[in-house]
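1. give me the fold of what follows.
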Amino acid sequence: MLDIAEELDRWVEQGRDFAVATVVATGGSAPRRPGAALAVDAEGTAIGSVSGGCVEGAVYELCRQALQDGECVLERFGYSDDDAFAVGLTCGGIIDILITPVRAGDRVRPVVAAGLRAAAAGRTAALARIVTGPADLVGRALLIHDGDHGHHGDPHGGEPHAGDRHAGGRYEGGFGSHPELDRTVAAEARAFLDAGRTGTLEIGEQGSRCGAPLTVLVESSVPPPRMIVFGAIDFAAALVRVGKFLGHHVTVCDARPVFATRARFPEADEIVVAWPHEYLERTRVDARTVLCVLTHDAKFDVPLLQRALRLPVAYVGAMGSRRTHLERNARLREVGVSELELARLRSPIGLDLGARTPEETALSIAAEIVADRRGGSGVPLTGAHTPIHHDTAPARAGRIGSVA
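-> Residues are numbered from 1 along each chain as shown. Predicted coordinates:
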């Protein structure tokens, strides 16, 4: 539900009751990923989507019903061969959807409200909700805050509270009289949060400490991933626009102040005038950061790539002809870059789209970044036998405390 946090946060501020349907798990060619949500308020207003249109009507009615009876519902939707007009996914996929009422006085509302507020403000947090398990726990929520902030406290059930920092950072909410379960879920949700992932976690009967196995949906809210574009050239201006379209926080870095200007890159989040390798040494990157080196000038490229290829970032690409690529690789070997490190370099940058213009080139670079992140092949879907939807991260984090 954090994908529609801004709208739902306004609903909370306005005191509206609502029910939210969240995709918990998918199979086959399901159109939306876990975490996608549709919400309906007491007046019948709907926002969001769980299927791109296939089952929205049925989910809408389930939300209206949940608002009336106050019960959480887990519903599965899939394609029906027996009845082409039955409610289902005509794409052939399967989705499991959790419908949760969020009304004034509901135990889950303060925790959900805090999660929506954090996500709407762009803060780092993870919302964990029990999907399957004992009836009194289904729908209960726990909010994990960024472990770098907050304070210590003793976990307990009921109203929002601060939890044990060592068990996954500060958290609010919880699962009633099960403080050990609170700590277990908080710690595991922290792993999802660190990776910026949303998915489900299965906890076996022994690990749950509540006498039954559980499935927990963890939704992560993290700042946008960074894209750092080195080289303030015309191709960079197009790449900035595409990077913003894909949801990146985009920085342009160039050592030449005459080129690195706001007038040339009005859509960039940051413009930095500095030697690229010096900036990369002092700025913060993580496993979601993409680095695009468009300078194709050895005096910039070599020290920059020498550093970049040793960082735990998601993607490193460098522009240049095939001749430039071979010469650059030779120089990188001379300064001690290993073959294993060189294998990480995407050069010449981008997929083969036959691109010529800056905009077409930016599209080819963005396509390679997406394919690299999702595990796509980059080949045309027509005639291919590969899945339409890829994701390099597993849908499930595994099992904890499972009993054979």
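2. any low-confidence regions in the chain?
-> Residues of the chain that meet the criterion pLDDT under 70 lie in 28-31, 52-54, 79-93, 147-169, 384-404.
3. switch the cut-off to 50
-> Within the chain, the ranges that satisfy pLDDT under 50 run 81-86, 148-168, 393-404.
4. just the helices in it please.
-> Secondary structure of the chain by DSSP state H: the helices cover 5-13, 56-69, 109-120, 179-195, 205-208, 234-245, 276-282, 298-308, 322-334, 339-342, 358-374.
5. so which of these is nearest Pro223?
-> helix 109-120 (10.7 Å; Cβ to Cβ). The C-beta positions use only the backbone N, C-alpha and C, and glycine is treated the same way.
6. returning to what we had before: mind putting the helices of the chain in a markdown table, distance to Gly350 included?
-> Rendered in a markdown table, the data for the helices of the chain read as follows (distance: least, Cβ to Cβ, whole Å):
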| stretch | distance to Gly350 |
| --- | --- |
| helix 5-13 | 33 |
| helix 56-69 | 36 |
| helix 109-120 | 32 |
| helix 179-195 | 26 |
| helix 205-208 | 45 |
| helix 234-245 | 10 |
| helix 276-282 | 19 |
| helix 298-308 | 16 |
| helix 322-334 | 12 |
| helix 339-342 | 18 |
| helix 358-374 | 3 |
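7. closest to Ile144 out of those?
-> Each of these has some distance to Ile144 by Cβ to Cβ; the shortest is helix 179-195, at 4.8 Å.
8. who are the packing partners of that closest one?
-> Under the contact criterion of 3 or more Cβ pairs under 8 Å, 6 or more residues apart in numbering; DSSP states H and E, helix 179-195 touches strand 125-132, strand 141-145, strand 199-203, helix 205-208, strand 214-221, strand 396-400.
9. rerun at 6 Å
-> Helices and strands touching helix 179-195, by 3 or more Cβ pairs under 6 Å, 6 or more residues apart in numbering; DSSP states H and E, are strand 125-132, strand 141-145, strand 214-221.
10. quick check: buried residues in that helix?
-> Along helix 179-195, these residues count as buried under the neighbour rule (16 or more other Cβ atoms under 10 Å): 179, 181-190, 192-195.
11. again, but for stretch 7-26
-> Buried positions in stretch 7-26, judged by neighbour count with 16+ other Cβ under 10 Å: 8-9, 11-12, 16-26.
12. first to last residue in that stretch, what's the distance?
-> When the termini of stretch 7-26 are compared using Cα to Cα, to the nearest Å, they are 25 Å apart.
13. show residues contacting that stretch.
-> Applying Cβ atoms under 6 Å, 6 or more residues apart in numbering, the contact partners of stretch 7-26 are 1, 32, 34, 36-42, 47, 50, 59, 63, 66-67, 95-103, 113, 116-117, 120, 131, 200, 217.
14. tell me how far that stretch is from the chain's mean position?
-> Average the C-alpha atoms of stretch 7-26, do the same for its chain, and the two points are 18 Å apart (Cα atoms, centre = their mean, to the nearest Å).
15. and stretch 210-217, by the same measure?
-> In terms of Cα atoms, centre = their mean, the centre of stretch 210-217 is set 24 Å apart from its chain centre.
16. hmm, who's touching that stretch?
-> 24, 128-134, 178, 181, 185, 200-205, 208.
17. pull out the buried members of those residues.
-> Neighbour-count burial (16+ other Cβ under 10 Å) is assigned, among the contacts of stretch 210-217, to 24, 128-134, 178, 181, 185, 200-203, 208.
18. and of the buried residues of stretch 7-26, the nearest to His145?
-> Distance to His145, by Cβ to Cβ, is smallest for Asp9 among the buried residues of stretch 7-26, at 16.2 Å.
19. so how far is Ile47 from that closest one?
-> Counting by Cβ to Cβ, to the nearest Å, the separation of Asp9 from Ile47 is 12 Å.
20. then Leu181?
-> Between Leu181 and Ile47 the distance, using Cβ to Cβ, works out to 32 Å.
21. what about Cys355, how many neighbours?
-> No Cys there; residue 355 is Ala. Each residue near Ala355 was counted by other Cβ atoms under 10 Å, and the total is 17.
22. test my guess that it contacts Ala366.
-> No - assessed by Cβ atoms under 6 Å, Ala355 is found out of contact with Ala366, at 10.9 Å.
23. got a list of what the residue of the chain most remote from its centre touches?
-> Of all residues in the chain, the one whose C-alpha sits farthest from the chain's mean C-alpha position, using Cα atoms, centre = their mean, is Glu334 at 38.2 Å. Neighbouring residues of Glu334 by Cβ under 6 Å, 6+ apart: there are none.
24. any chance of a markdown table for the helices and strands packed on helix 179-195, columns distance to Val302?
-> What follows is the helices and strands packed on helix 179-195, written out as a markdown table (distance: least, Cβ to Cβ, whole Å):
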| stretch | distance to Val302 |
| --- | --- |
| strand 125-132 | 40 |
| strand 141-145 | 41 |
| strand 214-221 | 36 |
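25. which stretch among these comes nearest Asp234?
-> Once the helices and strands packed on helix 179-195 are compared by Cβ to Cβ, strand 214-221 is nearest, at 35.0 Å.
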